[in-house]
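Student: Need the 3D shape of this:
(2 chains)
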2 protein chains.
Amino acid sequence: MLIVGGVGIWGLRDISLGLVEALKTAELVFLEEYTSITPGFSKRVLEDVIGKKVESLTRRDLENGRLREILELAQTNKVAILTYGNPFFATTHTYIVSEAYRLGVPVEIYPAPSVFDAILCSTGLHVYKFGRIATLVFPDEGVGYFPYTTYKVLGDNLSRGLHTLLLLEMRAEDGVFMSIPDAASVLLGLEERFRERVVEPSMLVIGVSRALSPDEEIFIGSLEEAAKLEKSPPPHSLIIPGVLHDTEIDFLHYRLGVKREVLTGWSESVKRRLQST
Amino acid sequence: MLIVGGVGIWGLRDISLGLVEALKTAELVFLEEYTSITPGFSKRVLEDVIGKKVESLTRRDLENGRLREILELAQTNKVAILTYGNPFFATTHTYIVSEAYRLGVPVEIYPAPSVFDAILCSTGLHVYKFGRIATLVFPDEGVGYFPYTTYKVLGDNLSRGLHTLLLLEMRAEDGVFMSIPDAASVLLGLEERFRERVVEPSMLVIGVSRALSPDEEIFIGSLEEAAKLEKSPPPHSLIIPGVLHDTEIDFLHYRLGVKREVLTGWSESVKRRLQST
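Tutor: Have a look, this model is predicted:
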């Protein structure tokens, strides 16, 4: 049997009772550590809790036949693969489970909170008001690669008055973590390149660092200001709000002390965009 | 202090270690039970785990001044409000936390998997390919109410090739739980009324009942067939897929045995819709 479980977004706080019980009875436990990071997570502490070793998996492990080996083990043993966040947020894990089903290995899935769940809790933004979620990656000017699709998704969401959650590039193995100021600069650069009037320096953004962790930081202000922020430890996400509901404004105001005028001003400007398209 | 915690989507399996620890030190624990249900959850078992009583809250409790009373208690005591799913999936909870911040009550939030997390795990559909999430409620012909916005969101998502997750009406206190066949009939009725060519009897839908629970059921087939399904216990969700990625097709094929042609056929028809708009 293959157990696929998420450990959530911040340390062992988010791991579920059910997953801990399942891991206690597993013969082998692997942890995939390259698609994300959870700042407060300690493999050592998890090992203490479940009473067995946890082996780390690299990208190479999963891409070079090691996965096949693990799935073969799972045909006769109880094998667990753990991931950060909710197991199906990264397409890698969909692939792992798909392969397991293909080989006829029974699968048990333990869900966990994703970064999207954390962002909803941190910002009070309504789930129904989000448009498509997108990932923002660094452009590669050398090969002429620019993340146009993400720019387009943002424009598309905004023209419908919807919020956009941008998940920022993260390659844990290479130590690459896009920060909020990096993301703001990338967005400004995309506008300079594509000039479709999606991004403006004055647009309101919400930057969330280490959502729901004890050292969570939330920035609300213009994109231009965001580009000048000091970098802080990852992971980071960036939200470009659309039209804000009164209760969303209340939440951001009471929680973070943001002036209502800042929020309503932006919301009104999105509404105007809405009417003009 | 106010602790706001989610218990996830299926019983105590999904409750986090962090939340359990926090509840052990709380003086009062309330459970809001009207916005959703979790089929395998037992208040009694939770009480055993945390060693104290859990008091149920009704809609009336939260709407009639009881909330104020609870928040006043939280000014001097450690008070917890638990909810099913992820705490911020229902706007009720955003309001509760907003009120706490307004009154200066410190808040600690414990995230949990939402129905969206479960749906991603159950279906292997990619998070990036979902458009706006919507709720489908029963029309009220008497007062001339029809959920046009939801119909519109579906059309909008489809015209972009995106998946639509429909959360189906649930009023636990009144015993109202929209089932997959109910939802399919409502959608067909909306098309008859609005005739904007959003809904077709032959469109492919994925109905998920009790996602990730031991008695999870997944239906894949036409909307017309979905309308004729037998009702099974709640909660249910309905997904109308957009353009399907090869790895999504693999997952659904290997997991559920759906013929690839059914999936690629639908995906192609959404692509044609995409090109014609």
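Student: any bit of the longest helix anywhere in chain A sitting next to chain B?
Tutor: Secondary structure of chain A per DSSP state H: the longest helix is helix A:260-276. No. If you take CB under 8 Å from any CB of the partner chain as the test, helix A:260-276 misses chain B, and the best it gets is 12.6 Å. Where C-beta positions appear, they are placed from N, C-alpha and C, glycine not excepted.
Student: Please spell out which residues along that helix are buried.
Tutor: A:262-263, A:266-267, A:270, A:273 (16 or more other CB atoms under 10 Å in any protein chain shown).
Student: what does it contact?
Tutor: A:158-161, A:203-204, A:220-221, A:241-244, A:248-249, A:252-253 (CB atoms under 8 Å, 6 or more residues apart in numbering or on different chains).
Student: Of these, which pair is most distant in space?
Tutor: A:159 and A:253 (26.0 Å; CB to CB).
Student: Those two - which one has more neighbours?
Tutor: Remark: of residue A:159 and residue A:253, residue A:253 carries more neighbours, 19 against 16, as counted by other CB atoms under 10 Å in any protein chain shown.
Student: I'd assumed residue A:259 was in contact with the more buried one.
Tutor: Yes. Applying CB atoms under 8 Å as the test, residue A:253 and residue A:259 come out as touching, 7.5 Å apart.
Student: All the helices of chain A, in order from the start?
Tutor: A:17-24, A:43-50, A:59-63, A:66-74, A:91-102, A:115-123, A:148-159, A:180-194, A:223-227, A:246-256, A:260-276.
Student: For residue B:104, find the nearest of the ones you listed.
Tutor: Nearest of the helices of chain A to residue B:104, taken as CB to CB: helix A:246-256 at 9.1 Å.
Student: Would you mark the buried spots in stretch A:72-92?
Tutor: A:73-74, A:78-92.
Student: Please disregard the earlier target; I meant stretch A:192-199.
Tutor: A:198-199.
Student: Could I get the contacting residues of the residue lying farthest from the centre of chain A?
Tutor: In chain A, the residue that sits farthest from the middle, by CA atoms, centre = their mean, is residue A:76; the gap is 33.8 Å. If you count contacts by CB under 8 Å, 6+ apart, residue A:76 has none.
Student: quick one: pLDDT of residue A:134?
Tutor: Note for residue A:134: predicted pLDDT of 97.
Student: Residue A:189: how many residues sit nearby?
Tutor: As a measure of burial, residue A:189 has 16 neighbours, counting by other CB under 10 Å.
Student: Compute the number of surrounding residues for the nearest residue to residue A:94 once chain neighbours are set aside.
Tutor: Excluding its sequence neighbours, the residue lying closest to residue A:94 (CB to CB, 6 or more residues apart in numbering or on different chains) is residue B:124, at 4.7 Å. Using other CB under 10 Å, residue B:124 has 26 other residues around it.
Student: Just confirm residue B:124 contacts residue A:97, I think it does.
Tutor: Yes. Residue B:124 is in contact with residue A:97 according to CB under 8 Å; the separation is 6.8 Å.
Student: mean confidence score for the longest helix of chain A?
Tutor: Mean per-residue pLDDT for helix A:260-276: 92.
Student: got the angle between that helix and helix A:148-159?
Tutor: For helix A:260-276 against helix A:148-159, the angle by axes from the mean of the first three to the mean of the last three CA atoms, to 10 degrees is 100 degrees.
Student: quick check: angle from helix A:260-276 to helix A:246-256?
Tutor: Using the same axes, to 10 degrees: helix A:260-276 against helix A:246-256 is 150 degrees.
Student: what about helix A:260-276, distance to the chain center?
Tutor: 26 Å (CA atoms, centre = their mean, to the nearest Å).
Student: Just the closest of the buried residues of helix A:260-276 to chain B, please.
Tutor: The nearest member of these to chain B, counting by CB to the nearest CB, is residue A:263 at 13.1 Å.
Student: Next one: that closest one from residue B:102, what distance?
Tutor: 15 Å (CB to CB, to the nearest Å).
Student: near chain B, which residues of the stretch 101-250 of chain A?
Tutor: A:101-102, A:109-114, A:116-118, A:120-122, A:124, A:126-135, A:156, A:160, A:162, A:212, A:247-248, A:250.
Student: So which of the buried residues of stretch A:72-92 would count as near chain B as well?
Tutor: Among the buried residues of stretch A:72-92, chain B is touched by A:86-89, A:91 when using CB under 8 Å from any CB.
Student: tell me the domain ranges of chain A?
Tutor: The record's domain parsing of chain A by automatic domain parsing lists A:2-113, A:116-276.
Student: which stretch in those domains is the model least sure about?
Tutor: Across the domains of chain A, domain A:2-113 has the smallest mean pLDDT, namely a mean of 92.
Student: can you give me the end-to-end distance of that one?
Tutor: Counting by CA to CA, to the nearest Å, you get 20 Å between the two ends of domain A:2-113.
Student: same deal with stretch A:145-165?
Tutor: Terminal-residue distance, stretch A:145-165 (CA to CA): 22 Å.
Student: what about the nearest residue to residue A:37 once chain neighbours are set aside, neighbour count?
Tutor: With sequence-adjacent residues excluded and distances taken as CB to CB, 6+ apart, residue A:37 is closest to residue A:172, at 5.2 Å. Residues within reach of residue A:172, counting by other CB under 10 Å, total 17.
Student: My guess is residue A:172 contacts residue A:36. True?
Tutor: Yes. Assessed by CB under 8 Å, residue A:172 is found in contact with residue A:36 at 6.8 Å.
Student: Let me see the contact set for residue A:89.
Tutor: A:36, A:114-116, B:120, B:127.
Student: roughly how far apart are it and residue B:74?
Tutor: Using CB to CB, residue A:89 is found at 32 Å from residue B:74.
Student: now residue A:15
Tutor: 26 Å.
Student: same deal with residue A:188?
Tutor: Taking CB to CB, one finds residue A:188 at 43 Å from residue B:74.
Student: on that earlier part again, in CSV, list the domains of chain A along with distance to residue B:6.
Tutor: Formatted as CSV, these follow (distance: least, CB to CB, whole Å):
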stretch, distance to residue B:6
domain A:2-113, 8
domain A:116-276, 8
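Student: Share the number of residues neighbouring the residue nearest to residue A:79 when sequence neighbours are not counted, please.
Tutor: Distance criterion CB to CB, 6+ apart; nearest residue to residue A:79, sequence neighbours excluded, is residue A:28 at 4.7 Å. Look at residue A:28: counted by other CB under 10 Å, it has 17 neighbours.
Student: show me what contacts residue A:28?
Tutor: By CB under 8 Å, 6+ apart, the neighbours of residue A:28 are A:55, A:70, A:73, A:77-80.
Student: what's the farthest-apart pair in these?
Tutor: Top of the distance list for those (CB to CB): A:55 and A:78, 14.6 Å.
Student: ok, residue A:253 - contacts?
Tutor: Neighbours of residue A:253 in contact, by CB under 8 Å, 6+ apart: A:259-260, A:263.
Student: can you tell me how far it sits from residue A:173?
Tutor: Taking CB to CB, one finds residue A:253 at 40 Å from residue A:173.
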